[in-house]
Every structure is written in C-alpha cells, then in structure tokens.
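1. Take a look and give me a structure for this.
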Amino acid sequence: MKYIISESAFSKTMVKYFEMRIDKWNLNWYNPTEEDDNGYEYEDDRRRVYYVGPLYDGEELFRYYDCDWFEDDRETCPLVSLEFGLYDDFNDMFSDLWYEPFREWVEKVIGLPVKYIER
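-> Predicted coordinates for the structure are as follows:
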C-alpha cells in the first residue's frame, strides 16, 4: 500500500523527530578554548558546541560556525556541523530531506542564522 503525505506534514513530522532526539529545553552550548600564537588560551566566540545535559556528561550534538571563523570567504557560512551519530540518525530516518527543516529548526531554537548544514 502506498501513502501520500504532503510536504508540510512531512516537515512537521521531521520537526517532531528533531525535538524527540534533541531536548531543546536542555540544549546548552559553550565556546571552545583555543590557543593563540603566543600560547595564551581564549574562548573562541566565533563557534559554539551544542550539547544536551551537563557539560562533561552531555552528548555533543552539533557545532555552529560563524563566518568570522573561516579564513577564506566561505559561501556556506554561517554553518552547522552535526556529529556523526546525529547526522546518521537523521539520514537513516529521512534520507537527505531533513537538511532544510533542520536548518530552519536550528534558526528558530538557537536564534542564529544558518546558511548551510554540513554533511
């Protein structure tokens, strides 16, 4: 038997899955620590690491990269890079149809612009 589902209904299904997989109410982030040429450490505010749970016990889900993080003029920034487990999970469920709904979901949940989802 073949079922037909509208694009908007499918997008809503994906969003429900994102929210089931990522607890947006417990979504946290930090700026990774970097070291400059002189050996001084600093928090790199050009990127963020998102996770759920306590910092050292949390599952790292994705990273957000601002355009300033890239040395060259990258057309795909700002971008989100998913960890392999989450990426594989979404691909297994939705093939490659999840990119745009997830991009929109991330923009809505974290409130930062996203141009590209890194695969």
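2. After the lowest-mean-pLDDT helix or strand in the chain, which helix or strand is next?
-> Every helix and strand in the chain was compared by mean pLDDT, DSSP states H and E; the lowest is strand 33-35, with a mean of 83. Next helix or strand after strand 33-35 toward the C-terminus (DSSP states H and E): strand 41-43.
3. Name the residues of stretch 23-42 that come out as buried.
-> Burial within stretch 23-42, assessed by neighbour count using 16 or more other Cβ atoms under 10 Å, is assigned to Leu27. Bear in mind the C-beta positions are built from the backbone N, C-alpha and C, glycine included.
4. oh sorry, the question was meant for stretch 57-74
-> Buried, per 16+ other Cβ under 10 Å, within stretch 57-74: Gly58, Leu61, Phe62, Arg63, Tyr64, Tyr65, Asp66, Trp69.
5. from the residues you listed, which is closest to Lys24?
-> For the buried residues of stretch 57-74, the residue nearest Lys24 by Cβ to Cβ is Leu61; the value is 10.6 Å.
6. just to confirm, which helix or strand has that closest one in it?
-> Secondary structure (DSSP H and E) places Leu61 in strand 59-65.
7. List the contacts of the very next helix or strand once past that strand.
-> Remark: after strand 59-65, the chain's next helix or strand is strand 79-82, criterion DSSP H and E. Strand 79-82 is contacted from outside by 61-65, 90, 102-103, 106, 114-118, using Cβ atoms under 8 Å, 6 or more residues apart in numbering.
8. ok, 10 Å please
-> If you take Cβ atoms under 10 Å, 6 or more residues apart in numbering as the criterion, strand 79-82 is touched by 47-50, 60-67, 69-70, 87-91, 99, 102-103, 106-107, 110, 112, 114-119.
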